[in-house]
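*Asks:* everything below, folded, please.
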Amino acid sequence: MRLLYSILLLTLTFFSCKKDVATNEGETAYIGGEIINPIDKQLIIRKSNTIIDTILLDKKNRFLYKLNYLESGLYTFKLQSQNGEEFQLALLEPKDSIMIRLNTIDFDESLVFTGNGAKKNNYLINMFLENEEINEKILSYYQLEPIAFERKIDSIRRLRIANLNLFLEKNNTSKLFQQIAKGNIDYNYYLSKEIYPFAYYGDNEIKNLQSLPVNFYKYRKDIDYNSIALKDYFTYKTFLRYHFKNLALSEHLKKSKDSILKRNSYCYNLDKLKLIDSLITDKDIKNPLLSISSIDYINKTKNIKELDAFLDFYYEKSTDTKDKNYIEKLVKSLKQLQTGNKIPNVTLVTYKNQEVDLHKLIKKPTALYFWSKDYKSHLQESHAKVKDLMLKYPEVNFISINIDDSHLRDKSRVLQQYDLTYRNEYQLKDPKLAKEILAINPIIKVMLVDRKGKIIDPHTNLFSIQFEEELLGLLNQ
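*Replies:* Below is the predicted model:
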């Protein structure tokens with residue numbers, strides 16, 4: 001009964017605004033709906049890298065928003081869910097009036113569209129969920145020989161294209177929708193082929209990477225590096241990240257005799273930036289790729305001289321002032337976090353709401369690790385790993401730090417949810433400032449310091465096969 005009531009309300013809302021839409025000149029669209037079990041009352045709508053608006057839910061957790069002077073394309077709506085911050089896409093075109101209904105407990109799987117423009121969006125969300133299932137299946141195919149692997153994924157692609165053609169025959173759709181739906185199939189297929197060599201051969205066998213069938217990458221001639229239709233689509237953006245890693249390797253091997261792929265090398269990472277700059281002209285596609293690739297290198301390199309030269313190229317090519325400022329601050333912090341320097345002091349808060357200086361907690365060899373409720377699997381896996389390490393290395397002090405902006409009560413609830421104690425658990429008093437000072441990016445970063453607070457390793461990985469060796473080295477300081 002409650003479901004029927006909700007659908008009736010949404011339908012009435014839809015018809016009440018449809019008249020409005022019909023009278024415009026095709027430059028507006030509506031998006032509205034109902035959020036079940038909202039964590040907060042805010043929903044953010046973005047187009048590419050621009051925030052369109054922040055919408056507040058009403059008392060019944062519903063909203064209705066009119067987009068004036070609509071630019072057709074994919075729009076992101078973002079909100080807090082039970083598992084942290086989540087987002088999804090909606091394709092909006094002139095005269096669309098779509099309503100969404102989703103439950104934050106089961107975010108993607110619960111999302112349903114109704115109204116004018118609903119069919120195409122329900123098809124796209126189903127494709128997104130299908131991608132997850134297919135990619136899970138393809139994981140097992142990565143162990144197959146190249147030709148057998150191609151047969152498997154070619155078969156999947158043909159079936160998906162046949163299903164799409166059937167949908168297009170039954171529904172009147174725009175060219176934009178067709179580009180996005182076909183692009184999803186193509187670039188998910190391309191992504192599998194970009195990942196395959198490293199999943200099958202591994203990073204340490206470059207000679208094997210060069211022994212792939214001659215036509216293995218024949219699809220590369222069809223890549224659109226500046227797709228306006230797909231630039232906000234998950235699959236396309238993920239593909240480009242992997243693709244440029246592989247292109248950079250090919251370029252790097254023309255000049256290097258390395259037999260092992262050194263992902264942290266200056267030349268390899270600079271080649272990646274140069275390729276991105278040479279092949280992409282759309283700033284909404286180029287700038288994020290330049291930034292992500294640069295941050296990845298910045299967080300791994302320990303050669304400051306090469307870092308400065310690398311950044312000179314990045315600053316010249318990127319036009320995103322916000323990203324450039326972020327990277328400038330990140331580099332400044334990383335330079336202060338060099339091995340041998342004393343770790344900067346930041347204020348932490350216990351789960352009894354008591355403030356304490358980080359320096360006062362460091363009385364013996366210490367490992368600092370970080371977590372966020374937005375990364376549920378990392379939260380669970382890191383705490384489980386540390387629990388084992390604490391038994392094996394009681395001489396090491398493991399300090400767990402939450403980096404979220406949310407209230408202490410929310411973080412306490414998360415720890416209770418995963419049956420974790422409050423022992424050695426802290427939050428940042430000023431998350432924004434502390435994350436900048438300690439350069440906490442990515443979340444998997446671990447910092448090792450000696451009993452005097454001197455940095456032994458500013459950036460290691462809890463799950464690295466060398467991590468226990470690093471702990472032993474820390475104890476021998």
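*Asks:* could you pull out the helices for the stretch 101-250 of the chain?
*Replies:* For the stretch 101-250 of the chain, applying DSSP state H, counting those that start in this stretch gives helices covering 107-110, 118-141, 146-170, 175-200, 206-209, 234-255.
*Asks:* as CSV, those helices with mean pLDDT would be great.
*Replies:* What follows is the helices of the stretch 101-250 of the chain, written out as CSV (pLDDT from 0 to 100):
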stretch, mean pLDDT
helix 107-110, 78
helix 118-141, 92
helix 146-170, 96
helix 175-200, 94
helix 206-209, 64
helix 234-255, 90
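*Asks:* just name the most buried of those helices.
*Replies:* Counting by mean count of other CB atoms under 10 Å, helix 175-200 has the highest mean neighbour count of the helices of the stretch 101-250 of the chain, with a mean of 20. Heads up, the C-betas are built off the backbone N, CA and C, glycines and all.
*Asks:* tilt between that one and helix 146-170?
*Replies:* Interaxial angle, helix 175-200 versus helix 146-170 (axes from the mean of the first three to the mean of the last three CA atoms, to 10 degrees): 160 degrees.
*Asks:* now do helix 175-200: distance to the chain's middle.
*Replies:* Computed by CA atoms, centre = their mean, to the nearest Å, the separation of helix 175-200 from the middle of its chain amounts to 17 Å.
*Asks:* so which elements touch it?
*Replies:* Helices and strands touching helix 175-200, by 3 or more CB pairs under 8 Å, 6 or more residues apart in numbering; DSSP states H and E, are strand 84-92, helix 118-141, helix 146-170, helix 206-209, helix 234-255.
*Asks:* distance to K60 added to the helices of the stretch 101-250 of the chain, as a markdown table?
*Replies:* Below are the helices of the stretch 101-250 of the chain laid out as a markdown table (distance: least, CB to CB, whole Å):
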| stretch | distance to K60 |
| --- | --- |
| helix 107-110 | 17 |
| helix 118-141 | 21 |
| helix 146-170 | 34 |
| helix 175-200 | 31 |
| helix 206-209 | 56 |
| helix 234-255 | 31 |
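*Asks:* what average pLDDT does the one helix or strand Q427 maps to get?
*Replies:* Assigned by DSSP states H and E, Q427 belongs to strand 425-428. Averaged across strand 425-428, the pLDDT comes to 90.
*Asks:* could you point out which element follows it?
*Replies:* Immediately after strand 425-428, counting by DSSP H and E, sits helix 431-437.
*Asks:* and that next one, what's buried?
*Replies:* For helix 431-437, burial by neighbour count (16 or more other CB atoms under 10 Å) applies to 431, 434-437.
*Asks:* out of the helices and strands packed on helix 175-200, the one nearest S400 is which?
*Replies:* strand 84-92 (17.2 Å; CB to CB).
*Asks:* show me how far that closest one is from its chain's centre.
*Replies:* That offset, for strand 84-92, works out to 13 Å (CA atoms, centre = their mean).
*Asks:* relative to helix 118-141, how tilted is it?
*Replies:* Following the same axes, to 10 degrees, one obtains 130 degrees for the angle between strand 84-92 and helix 118-141.
*Asks:* tell me how far D357 lies from A434.
*Replies:* In this view, D357 and A434 are 12 Å apart by CB to CB, to the nearest Å.
*Asks:* re earlier: just the C-alpha atoms of the strand holding Q427, please, in PDB.
*Replies:* Provided in PDB are the C-alpha atoms of strand 425-428 (Å, rounded to 0.1, in the frame of the first residue of the first chain):
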ATOM      1  CA  GLU A 425      41.000   5.100  17.600                       C
ATOM      2  CA  TYR A 426      41.000   8.800  16.900                       C
ATOM      3  CA  GLN A 427      39.500  11.400  14.600                       C
ATOM      4  CA  LEU A 428      41.000  14.600  13.300                       C
END
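*Asks:* show me what it is packed against.
*Replies:* Packing partners of strand 425-428 (3+ CB pairs under 8 Å, 6+ apart): strand 347-349, strand 397-402, helix 408-417.
*Asks:* the stretch 251-400 of the chain: strands as residue ranges?
*Replies:* Counting by DSSP state E, counting those that start in this stretch, residue ranges of the strands within the stretch 251-400 of the chain are 347-349, 355-357, 366-371, 397-402.
*Asks:* tell me which of those strands sits most buried.
*Replies:* When you average the neighbours per residue for each of the strands of the stretch 251-400 of the chain (mean count of other CB under 10 Å), strand 366-371 leads with a mean of 23.
*Asks:* what's the angle from that strand to strand 397-402?
*Replies:* Using the same axes, to 10 degrees: strand 366-371 against strand 397-402 is 20 degrees.
*Asks:* partners of strand 366-371, with directions?
*Replies:* Strand 366-371 has these partner strands in its sheet, going by DSSP bridges: strand 397-402 (parallel), strand 445-449 (antiparallel).
*Asks:* among those, which is nearest L270?
*Replies:* Proximity to L270, assessed across those by CB to CB, is greatest for strand 445-449 (23.1 Å).
*Asks:* following the closest one, which helix or strand shows up next?
*Replies:* Remark: after strand 445-449, the chain's next helix or strand is strand 455-461, criterion DSSP H and E.
*Asks:* buried set for that next one?
*Replies:* Residues of strand 455-461 classed as buried by neighbour count (16+ other CB under 10 Å): 455-460.
*Asks:* closest to D419 out of the helices of the stretch 101-250 of the chain?
*Replies:* Going by CB to CB, the one of the helices of the stretch 101-250 of the chain nearest D419 is helix 107-110, 23.4 Å.
*Asks:* where's that closest one relative to the chain centroid, distance-wise?
*Replies:* With CA atoms, centre = their mean as the basis, helix 107-110 stands 18 Å off its chain's centre.
*Asks:* can I get the strands of the stretch 251-400 of the chain in JSON lines with mean pLDDT and distance to K119?
*Replies:* Converted to JSON lines, the strands of the stretch 251-400 of the chain look like this (pLDDT from 0 to 100; distance: least, CB to CB, whole Å):
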{"stretch": "strand 347-349", "mean pLDDT": "92", "distance to K119": "49"}
{"stretch": "strand 355-357", "mean pLDDT": "94", "distance to K119": "54"}
{"stretch": "strand 366-371", "mean pLDDT": "94", "distance to K119": "40"}
{"stretch": "strand 397-402", "mean pLDDT": "94", "distance to K119": "42"}
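*Asks:* output those as a markdown table; include the columns distance to E86.
*Replies:* Formatted as a markdown table, the strands of the stretch 251-400 of the chain follow (distance: least, CB to CB, whole Å):
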| stretch | distance to E86 |
| --- | --- |
| strand 347-349 | 26 |
| strand 355-357 | 32 |
| strand 366-371 | 18 |
| strand 397-402 | 19 |
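*Asks:* per-domain residue ranges of this structure.
*Replies:* As given by automatic domain parsing, the domain ranges for the chain are 2-116, 121-336, 347-475.
*Asks:* rank those domains by pLDDT, which is bottom?
*Replies:* Minimum mean pLDDT among the domains of the chain: domain 2-116, a mean of 77.
*Asks:* these two touch, right, L102 and T114?
*Replies:* No - using CB atoms under 8 Å, L102 is not in contact with T114; the gap is 11.9 Å.
*Asks:* between these two, which is the more surrounded one?
*Replies:* L102 (25 against 21; other CB atoms under 10 Å).
*Asks:* can you give me the distance of the residue nearest to the more buried one when sequence neighbours are not counted to N171?
*Replies:* Leaving aside its chain neighbours, L102 sits nearest to L111 (4.4 Å; criterion: CB to CB, 6 or more residues apart in numbering). Distance, L111 to N171, by CB to CB: 19 Å.
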